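> Quick one, fold the following:
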Amino acid sequence: MIYYSLDKDAYQPRFAYEGDAGMDLALMHDLTVPVGGHRMGDTGVHVAIPEGHVGMLFVRSSTGIKRNLVLSNGTGIIDHGYRGAIKISLHNTGDATQHITAGDYIAQLVTVPIARNNIAEVRELGDTERGTNGIGSSDK
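Modelled structure (predicted):
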């Protein structure tokens, strides 16, 4: 269960279809994103991410395809303890200014379980088959 509250003038989050992974979020105000520019939008939605989970914020596929808008930071992370309004930083990768109207559902919040890990520094890491082979190493 994801509990939420709304600021005045915020729009209800929604699941468009039964079984959807992402909860759609709308902006509570109009927003204009110029070509190559970044603008911050406010949903006015506050959520209580369940303990042991993380909220991952993505643009809706239609936002990216039809409007050429992406999240400025790629994916937004909402930690369990955060209770502020969800804000969306958008970047316009297209060739036309984008106007978003208040109430347009432009992003989605997906909640996923996370593993709790402790961290420890060691002198050396164990060897693996991959080793230090990085980007492009599997394109043999």
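
> which strands and helices sit next to the longest strand that the chain contains?
With secondary structure taken from DSSP state E, the chain has its longest strand at strand 105-113. If contacts are counted by 3 or more CB pairs under 8 Å, 6 or more residues apart in numbering; DSSP states H and E, strand 105-113 sits against strand 23-26, strand 53-59, helix 61-67, strand 87-92. For every residue, glycine as well, the C-beta is placed using N, CA and C.

> in this protein, which spans are strands?
According to DSSP E, the strands that the chain contains are 3-6, 23-26, 31-33, 38-42, 45-48, 53-59, 69-71, 76-78, 87-92, 98-100, 105-113.

> mean confidence for the longest strand of the chain?
For strand 105-113, mean pLDDT is 97.

> Going by neighbour count, which residues in that strand are buried?
Residues of strand 105-113 classed as buried: Tyr105, Ile106, Ala107, Gln108, Leu109, Thr111 (neighbour count, 16 or more other CB atoms under 10 Å).

> likewise stretch 89-109?
Leu90, His91, Asn92, Gln98, Ile100, Asp104, Tyr105, Ile106, Ala107, Gln108, Leu109.

> and of those residues, the nearest to Gly126?
Leu109 (36.9 Å; CB to CB).

> so what's the nearest residue to that closest one once chain neighbours are set aside up against?
Using CB to CB, 6 or more residues apart in numbering and skipping the chain neighbours, the partner closest in space to Leu109 is Met23 (4.7 Å). Met23 makes contacts with Ile2, Pro13, Arg14, Phe15, Gln108, Leu109, Val110, Thr111, as judged by CB atoms under 8 Å, 6 or more residues apart in numbering.

> Residues in a beta bridge with the residue nearest to the spatial centre of the chain, which ones?
Taking CA atoms, centre = their mean, the centroid of the chain lies closest to Leu57, which sits 1.6 Å from it. Counting by DSSP bridges, Leu57 is bridged to Gly76, Leu109.
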